[in-house]
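Visitor: All I have is the shape, not the residue letters:
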């Protein structure tokens, strides 16, 4: 809780605060411009608000730049800070003498406050939580029909979201929201990839057509597969067996051809001469060989050869044709081998068609796969959207019901004659705050205060600020009851009020007991009085 | 091929085949062509037949009248 604000501009030097109700008391004449609203605005300022700088610029204009040292107390631990008007974007951690020790951004300071006040919702900022319910003259949050608006132009949806966060129900929505966002991202990526032809993109008609075609393709491929190898065995095995026998045959044919070639060569040589036949070897077997005749053997040989020339020619031709025949056979074998090594046309056709069918199948499957993926994502998105809608509706209904119940109970306490209680009608994007059967100004302001009290008691909202103008139009008895209600609260309530002698003794007693400062024409908040030189009023 | 050696057996050699020719000639004189056609089945190739006649001529076993083309077995008588 806020425990102390100290400033050199305070006539009193320092103002101490306490648990529950904190009253800035005006005088019984209702004197203006004595600093009631200014002090409340300073409270807002030390809680991280910025309206003090914009709305209360007259203070700076008249007193110069100044600073506030202030202390929070949580579980008996004191936290000291300093914030000044010269550099309002910073808040300084300090010691109890309010010396600036460490500069923080306002944002980081309010994060500390958020954690100290144990505001659980991750999505909620401290200012968003407290700003709406700090109703000080000068801020724009006093529209009695729009209690959730912290300024007039605030988006309705945002005000409701803020309320859900304050009730710590937004994290569940956020989680779902994030999942939904992820799915929508995926959908967008797939759609874009399809548009840029990175992946196939088809419609439902094509998808259904594809299913049929995939079926028939699968059948075709299965049929082809079955006809391929029956009885099933390894095709490479067949090829190699046949290859071996072909190689053997080729070897035999080549040997035969070599034999005939050598015979042809011999015959050709015989026709020419007898030299080299090796007649000398005859001496080994016939020592009495006629050596003289050996010298004539060439002419004898030529004589015989010429007689048999036709026969020799025939023999040559016969051998040549035999060789040709063998050559042909060898070529046939070579051809067969080549055929085995290269798949024949039929096999090629078979494989080609198999590949073609498989490729087509694959591309259709891919098309359908992406279509399915996209449809699944779309379905998921619809489901998620539905769930989120349900969740929002449920949460909104819960909060709405809790608030209305509380409004009624507070209303009944404040109006002893059991007047109709105000009603909040909350949807996710809009709300209205009904003032049933009563269009009176006073009741409208009462309802605004009742609303804040309901939120303060129902949620983690740390404090509320109610400026004196709010009480002006409210009937005496209602104010007495409201003060009574404030007095029972343990959370801090900062109010400014004056002309309290019109209220009953008990109310006066409470207000006097809970006052943090009493201001009057002679006892201003600040050390300087500039009412005459500046007509701007703080109320 | 004229005489047998470690790769050519006697019956495959020219001198191994000469007796076939002599056997036919011992009965009658024959022209070279007649003799070839009669005995060619025994010879693998015509050159073998010619070499056989060459060897028989060298051993003075036959005479050939080249005018008539007739082969005579010398030792017949």
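Guide: Received it, and whenever you're ready, just let me know what you need. Source: prediction; values computed, not measured. Residues are numbered from 1 along each chain as shown, chains lettered A, B, ... in the order given.

Visitor: Now do the contacts for the closest residue to chain B within the stretch 51-200 of chain A.
Guide: Nearest residue of the stretch 51-200 of chain A to chain B (C-beta to the nearest C-beta) works out as residue A:200 at 77.5 Å. In this view, the C-beta of every residue, glycine as well, is placed from N, C-alpha and C. Shown in contact with residue A:200 (C-beta atoms under 8 Å, 6 or more residues apart in numbering or on different chains): A:194, A:363, A:366, A:367, A:370.

Visitor: now it, what's its secondary structure?
Guide: Secondary structure state of residue A:200, per DSSP: H, G, I helix; E, B strand; the rest coil, is coil.

Visitor: Who's the closest spatial neighbour of it, skipping the chain neighbours?
Guide: Of all residues beyond its chain neighbours, the one nearest residue A:200 is residue A:367 (4.2 Å), with distances taken as C-beta to C-beta, 6 or more residues apart in numbering or on different chains.

Visitor: For chain B, give me the ranges with low pLDDT.
Guide: In the predicted model of chain B, residues B:76-77 satisfy pLDDT under 70.

Visitor: Looking at it, which residue is nearest chain A?
Guide: For chain B, C-beta to the nearest C-beta, closest residue to chain A: residue B:47, 3.6 Å.

Visitor: For chain B, just list every one of the helices.
Guide: Per DSSP state H, chain B carries helices over the ranges B:14-27, B:32-39, B:46-58.

Visitor: Make CSV from the ones you listed and add mean neighbour count to it.
Guide: Shown next, in CSV, are the helices of chain B (neighbours: other C-beta atoms under 10 Å in any protein chain shown):
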stretch, mean neighbour count
helix B:14-27, 17
helix B:32-39, 18
helix B:46-58, 24
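
Visitor: Could you say which one of those helices comes nearest to residue A:506?
Guide: helix B:46-58 (156.0 Å; C-beta to C-beta).

Visitor: Who are the packing partners of that closest one?
Guide: Applying 3 or more C-beta pairs under 8 Å, 6 or more residues apart in numbering or on different chains; DSSP states H and E, we find helix B:46-58 packed against helix A:235-272, helix A:291-307, helix A:309-341, helix B:14-27, helix B:32-39, strand B:62-65.

Visitor: is the longest one up against chain B anywhere?
Guide: Yes - using C-beta under 8 Å from any C-beta of the partner chain, we find that helix A:235-272 touches chain B at A:263, A:266, A:267, A:269, A:270.

Visitor: Tell me the one among those residues nearest to chain B.
Guide: Nearest to chain B out of the residues of helix A:235-272 next to chain B is residue A:270 (C-beta to the nearest C-beta; 3.6 Å).

Visitor: any idea how far residue A:217 is from the residue of the stretch 51-200 of chain A closest to chain B?
Guide: Residue A:200 is 16 Å from residue A:217, where distance means C-beta to C-beta, to the nearest Å.

Visitor: now residue A:339
Guide: 31 Å.

Visitor: Of these two, which one has the most company?
Guide: residue A:217 (20 against 14; other C-beta atoms under 10 Å in any protein chain shown).

Visitor: Now do the strand or helix carrying the more buried one against helix A:235-272, angle only.
Guide: Taking DSSP states H and E as the definition, one finds residue A:217 inside helix A:204-228. Put simply, helix A:204-228 runs at 50 degrees to helix A:235-272, going by axes from the mean of the first three to the mean of the last three C-alpha atoms, to 10 degrees.

Visitor: what residues does chain B put near chain A?
Guide: Neighbours of chain A within chain B, by C-beta under 8 Å from any C-beta: B:1-3, B:15, B:32-33, B:36, B:44-47, B:49-51, B:53-55, B:57-60, B:64, B:66, B:69.

Visitor: Report the rounded mean pLDDT for stretch A:318-338.
Guide: The average pLDDT for stretch A:318-338 rounds to 90.

Visitor: Where does the residue lying closest to residue A:88 once chain neighbours are set aside sit, in terms of helix or strand?
Guide: In space, residue A:88 comes closest to residue A:53 once its chain neighbours are excluded; the distance is 4.9 Å by C-beta to C-beta, 6+ apart. Here residue A:53 is covered by helix A:51-55, with elements defined by DSSP H and E.

Visitor: before we move on, the earlier item: now the residue of the stretch 51-200 of chain A closest to chain B: how far from residue B:12?
Guide: For residue A:200, the distance to residue B:12 - C-beta to C-beta - is 81 Å.

Visitor: Repeat that for residue A:490.
Guide: Counting by C-beta to C-beta, the gap from residue A:490 to residue B:12 is 135 Å.

Visitor: who's more crowded, the two?
Guide: residue B:12 (13 against 9).

Visitor: Roughly how far does the closest residue to that one other than its chain neighbours sit from residue A:266?
Guide: Leaving aside its chain neighbours, residue B:12 sits nearest to residue B:4 (7.4 Å; criterion: C-beta to C-beta, 6+ apart). According to C-beta to C-beta, residue B:4 stands 18 Å off from residue A:266.

Visitor: Need the residues of helix A:235-272 next to chain B in TSV (columns: pLDDT, neighbour count and distance to residue A:133).
Guide: Converted to TSV, the residues of helix A:235-272 next to chain B look like this (pLDDT from 0 to 100; neighbours: other C-beta atoms under 10 Å in any protein chain shown; distance: C-beta to C-beta, whole Å):
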residue	pLDDT	neighbour count	distance to residue A:133
A:263	83	20	124
A:266	79	17	127
A:267	79	21	129
A:269	75	14	129
A:270	70	24	133
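
Visitor: quick one: secondary structure of residue A:494?
Guide: strand.

Visitor: tell me the contacts of it?
Guide: Residue A:494 neighbours (C-beta under 8 Å, 6+ apart): A:17, A:22, A:24, A:40, A:43, A:463, A:464, A:465, A:466.

Visitor: Need phi/psi at the second one.
Guide: The phi/psi pair for residue A:22 (degrees, to the nearest 10) reads phi -120, psi 120.

Visitor: Flag every buried residue along the helix holding residue A:217.
Guide: Within helix A:204-228, the residues that count as buried by 16 or more other C-beta atoms under 10 Å in any protein chain shown are A:206, A:207, A:210, A:214, A:217, A:220, A:221.

Visitor: need the contact list for the second one.
Guide: By that I understand residue A:207. A:367, A:368, A:371, A:372.

Visitor: Could you find the closest non-adjacent residue to residue A:444?
Guide: residue A:144 (4.0 Å).

Visitor: Residue B:68 and residue B:29, how far apart?
Guide: 9 Å.

Visitor: So which of the two has more stuff around it?
Guide: With neighbours defined as other C-beta under 10 Å, residue B:68 and residue B:29 compare such that residue B:29 has more, 17 against 10.

Visitor: Tally up the residues packed near the residue nearest to the more buried one when sequence neighbours are not counted, please.
Guide: Take residue B:29 and drop its neighbours on the chain: the residue closest to it by C-beta to C-beta, 6+ apart is residue B:72, 4.9 Å away. Using other C-beta under 10 Å, residue B:72 has 15 other residues around it.

Visitor: Residue B:72 contacts residue B:28, doesn't it?
Guide: No - between residue B:72 and residue B:28 there is no contact under C-beta atoms under 8 Å: 9.5 Å.

Visitor: quick one on the thing from earlier: moving C-terminal from the helix holding residue A:53, which element do we reach first?
Guide: helix A:57-63.

Visitor: Please list all residues in contact with residue A:399.
Guide: By C-beta under 8 Å, 6+ apart, residue A:399 lies in contact with A:163, A:164, A:167, A:169, A:426.

Visitor: Same question for residue A:395.
Guide: Taking C-beta under 8 Å, 6+ apart, we find residue A:395 in contact with A:164, A:169, A:172, A:173.

Visitor: Same check on residue A:481?
Guide: A:413, A:414, A:415, A:416.

Visitor: thinking again about what came up before, you'd agree the residue nearest to residue A:200 is in a helix?
Guide: Yes - read with three-state DSSP, residue A:367 is one of the residues of a helix.
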